[in-house]
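Participant: Below are the sequence and a predicted model for it; my questions follow.
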Amino acid sequence: MFDRPEPPQATLTAGVLGPVGTATTATLSSAGWRAGTAEVGKYIKVNGGLLKVVSFSSTTVLNVIVQQVLTSVVGA
């Protein structure tokens, strides 16, 4: 699970708040996701919600499924 206590190196923005089960994207403001399947199956905690990574799109974009509704889609 991604839940870093140190200051972020990039801003993470989710595509939607929810509902649970919704497919969306997790987008970084600068490259940071590892290529291929390294991130697939992991979870991202952001804005009070939880996203599950289902596939890699680019070093800035992952395809995710909402597991817990987010409180905001503003970059965090």
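Facilitator: All right, it came through fine.
Participant: helix or strand for the residue nearest to the spatial centre of the chain, which one?
Facilitator: Nearest to the mean C-alpha position of the chain, by C-alpha atoms, centre = their mean, lies Ala26 at 3.6 Å. Secondary structure assignment for Ala26, by DSSP states H and E: strand 23-28.
Participant: That strand packs against which elements?
Facilitator: strand 12-14, strand 49-56, strand 61-68 (3 or more C-beta pairs under 8 Å, 6 or more residues apart in numbering; DSSP states H and E). In short, each C-beta sits where N, CA and C put it, glycine included.
Participant: low pLDDT regions in the chain?
Facilitator: Scanning the chain for pLDDT under 70 picks out 1-8.
Participant: any idea how far the nearest residue to Leu70 once chain neighbours are set aside lies from Pro19?
Facilitator: Nearest residue to Leu70 in three dimensions, chain neighbours excluded: Gly49, at 3.2 Å (C-beta to C-beta, 6 or more residues apart in numbering). Look at Gly49 and Pro19: by C-beta to C-beta, to the nearest Å, they are 11 Å apart.
Participant: Need the overlap of contacts for the two.
Facilitator: Common neighbours of Gly49 and Pro19 (criterion: C-beta atoms under 8 Å, 6 or more residues apart in numbering): Val66, Val69.
Participant: Name the residue in the two with the higher neighbour count.
Facilitator: Neighbours per residue, other C-beta atoms under 10 Å: of Gly49 and Pro19, the larger number sits with Gly49, 20 against 8.
Participant: need the contact list for the more buried one.
Facilitator: Here Gly49 is in contact with Ala14, Leu17, Gly18, Val66, Gln67, Gln68, Val69, Leu70, Thr71 (criterion: C-beta under 8 Å, 6+ apart).
Participant: Much appreciated, bye for now.
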